[in-house]
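# Sequence plus the predicted model coming up.
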Amino acid sequence: MRRRTFCQTAVGAAIGATIPGCGADTAPGTADVGHLIPAISSSGDELSIESAAVRELAETLDGRLLLQSDTGYDAARQVWNGMFDDKSPAMVLQCASADDVANAVTFARERSLLVSVKCGGHSLPGKSTSNGGMMIDLSPMHSVDVDTAAMTLRADGGSLLGHLDDAALAHDMLTTTGIVSHTGAGGFTLGGGFGRTDRKMGLAIDNLLSATVVTASGDLVRANADENPDLFWGLRGGGGNFGIAVDFTYRLHAFNPIVYGGRLTYKADKDFLSFYAEFHENAPDEVNIEPGFQPGEDGNIVAAVEVVWCGDHAAGETALAPLLAYPGLLAGDLAPFPYRDIQTSADGFLGHGRQYYLKSGLLEALTPEVIDVIAEYAHAGLAGSWFQHLGGASSRIRPDATAYAHRNAAFNFGIMYVGDDPASNEAGIAGVREFYKAMEPHMIGFYTNLNEDSEQRTWGNYGQNYPRLVALKNRYDPTNLFRLNANISPTV
């Protein structure tokens with residue numbers, strides 16, 4: 001490992017050369033290294049970093065270090081949610097190796113520099129970036145390998161979910177991934193990992209066999225059932241609190257890349273929601289049914305329902321026949337289709353640079369009271385809303401078996417504003433919050449990958465697992481270097 005020990009204060013009086021690794025069009029760029037670079041500490045204080053120290057860091061990298069004046073910086077700093085396009089990190093490190101990540105972490109820790117971690121950059125509350133901090137960008141690290149004999153998939157920490165799907169499906173195998181292919185696998189996995197196959201295969205964390213993490217000390221630590229099992233437990237639902245994951249190994253399942261299902265449109269009323277609630281009670285693990293509420297062709301709100309059956313097609317036809325027989329069906333049909341098609345179907349609508357705001361919560365059941373709220377607020381048109389269908393295999397794991405505790409959740413219910421004009425953001429956010437306020441009393445917690453909330457609510461969301469998570473935080477990140485996440489504060 002090409003590790004360097006960085007001094008807290010670097011002397012730069014005699015240095016006036018280029019910073020290797022900094023951005024340019026065709027060659028390493030130039031930067032004035034005889035000055036101080038303004039930055040922000042993890043506690044929010046202003047810092048001044050000697051440019052000589054930045055030069056030294058850049059020399060250690062296999063990847064690139066970009067400062068605000070460098071060509072390529074503006075593209076590198078951007079994240080998925082356009083609401084955070086105004087954020088400007090002091091530097092972006094585009095890491096090409098685990099060594100790069102370790103050197104970046106060491107540099108930041110020794111200076112108490114605010115750290116954000118970017119893979120796909122999909123953090124809804126903008127935790128992948130900051131003003132004045134160091135962005136550690138893993139996106140150049142995206143190789144994926146499949147071991148067909150062992151039925152496992154190994155992925156670099158900067159891989160996207162589409163990379164995992166493509167590699168696995170090429171061998172008629174799959175592991176649970178999410179619903180937008182340009183989402184980063186790292187954040188998705190560490191938070192839990194909901195997807196279209198979790199009822200059959202379990203959450204992403206239930207298929208995680210091992211991970212390699214750069215901890216706050218700059219050490220590279222492997223975690224699995226045999227090595228550092230406590231850390232492995234915490235990585236499965238504890239998010240990015242304990243380090244930066246640079247490598248994952250997942251279990252694969254035999255999978256027919258042609259699935260049975262489709263999109264069905266229903267009247268969005270209480271009768272349909274009651275039907276959906278009843279159907280869910282006895283739904284086989286193979287089925288994933290996710291209604292979303294949106295305006296129909298006539299402007300009235302309809303339930304647009306996505307159906308995926310990941311099992312034998314004939315069995316799916318029989319099991320899903322009630323969906324086609326329901327009298328409130330307005331349009332649509334079910335048939336075989338490529339799974340990859342539905343995995344990429346939202347990529348455009350949920351593309352980079354749009355304005356996003358979301359609040360969501362977990363539901364144990366669709367009670368009559370919950371149905372009343374959804375029917376009223378969905379028709380009010382305040383915000384878009386949708387279900388993620390949970391349960392099945394993921395519910396048959398003990399709440400304390402992994403850091404993710406909400407194994408009794410049947411649904412995740414999301415309320416979301418999507419726009420293109422920042423001038424509409426205030427009204428869109430207000431609509432989401434009003435809908436969520438009515439739903440919140442019926443929710444049992446939330447999915448930390450999607451929500452930003454107070455520290456107290458975040459801590460409470462881990463339930464009985466929280467004390468064990470604090471102990472891990474104290475061990476692996478006692479200064480809370482990794483705080484831009486659903487944060488667990490250390491107590492040491």
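Cool, the structure landed.
# Can you pull the domain assignment for the protein?
What automatic domain parsing lists as the domains of the chain is 36-137, 144-255, 258-442.
# And those domains: which comes nearest residue 491?
The stretch from the domains of the chain with the least distance to residue 491 (C-beta to C-beta) is domain 144-255; that distance is 13.2 Å. Heads up, the C-betas are built off the backbone N, CA and C, glycines and all.
# returning to what we had before: mean pLDDT and mean neighbour count added to the domains of the chain, as TSV?
Converted to TSV, those look like this (pLDDT from 0 to 100; neighbours: other C-beta atoms under 10 Å):
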stretch	mean pLDDT	mean neighbour count
domain 36-137	97	21
domain 144-255	98	22
domain 258-442	96	17
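# Among those domains, which comes closest to residue 487?
Distances from residue 487 to each of those were compared using C-beta to C-beta; the shortest belongs to domain 144-255, at 6.6 Å.
# gap between the two ends of that closest one?
Its start and end residues considered, domain 144-255 measures 18 Å (C-alpha to C-alpha, to the nearest Å).
# which residues sit in contact with residue 189?
204-205, 208, 245, 248 (C-beta atoms under 8 Å, 6 or more residues apart in numbering).
# same thing but at 7 Å, please
Contact partners of residue 189, counting by C-beta atoms under 7 Å, 6 or more residues apart in numbering, are 204-205, 208, 248.
# so can I have CSV of those residues showing distance to residue 72 and secondary structure?
Below are the contacts of residue 189 laid out as CSV (distance: C-beta to C-beta, whole Å; DSSP: H, G, I helix; E, B strand; the rest coil):
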residue, distance to residue 72, secondary structure
204, 32, helix
205, 34, helix
208, 33, strand
248, 28, strand
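# Please name the residues that touch residue 172.
By C-beta under 7 Å, 6+ apart, the residues touching residue 172 are 254-257.
# With secondary structure and distance to residue 355 added, can I get those in CSV?
Below are the contacts of residue 172 laid out as CSV (DSSP: H, G, I helix; E, B strand; the rest coil; distance: C-beta to C-beta, whole Å):
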residue, secondary structure, distance to residue 355
254, strand, 41
255, coil, 35
256, coil, 38
257, coil, 34
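# which one of these sits closest to residue 358?
Closest to residue 358, out of all of those and judged by C-beta to C-beta, is residue 255, at 29.1 Å.
# ok, the closest one to residue 265 distance?
Computed with C-beta to C-beta, to the nearest Å, the distance linking residue 255 and residue 265 is 28 Å.
# repeat for residue 299
Between residue 299 and residue 265 the distance, using C-beta to C-beta, works out to 14 Å.
# Please apply the same query to residue 478.
Distance check for residue 478 against residue 265: by C-beta to C-beta, it reads 53 Å.
# For residue 156, list each beta-bridge partner.
With DSSP bridges as the criterion, residue 156 is bridged to residue 247.
# wait, what's in contact with it?
Here residue 156 is in contact with 141-143, 246-247 (C-beta under 7 Å, 6+ apart).
# try 10 Å this time
Taking C-beta atoms under 10 Å, 6 or more residues apart in numbering as the definition of contact, the neighbours of residue 156 are 96-98, 119, 138-145, 163, 185-186, 212, 245-248.
# Likewise for residue 74?
By C-beta under 10 Å, 6+ apart, the contact list for residue 74 reads 23, 66, 68, 85, 88, 92.
# just how off-centre is the strand or helix carrying it within its chain?
Under the assignment given by DSSP states H and E, the secondary-structure element containing residue 74 is helix 73-77. Mean C-alpha position of helix 73-77 versus that of the full chain (C-alpha atoms, centre = their mean, to the nearest Å) differs by 20 Å.
# and that helix, C-alpha only, in CSV?
Coordinates of each C-alpha in helix 73-77 appear next as CSV, following Å, rounded to 0.1, in the frame of the first residue of the first chain:
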residue,chain,number,x,y,z
TYR,A,73,-13.8,20.1,-10.8
ASP,A,74,-17.3,21.4,-11.6
ALA,A,75,-18.3,18.1,-13.2
ALA,A,76,-16.7,16.0,-10.5
ARG,A,77,-18.4,17.8,-7.6
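# Give me the sheet partners of whatever helix or strand comes next after it and which way each runs.
From helix 73-77 onward toward the C-terminus, using DSSP H and E, the following helix or strand is strand 91-94. Strand 91-94 sits in its sheet next to strand 64-67 (antiparallel), strand 134-137 (parallel), going by DSSP bridges.
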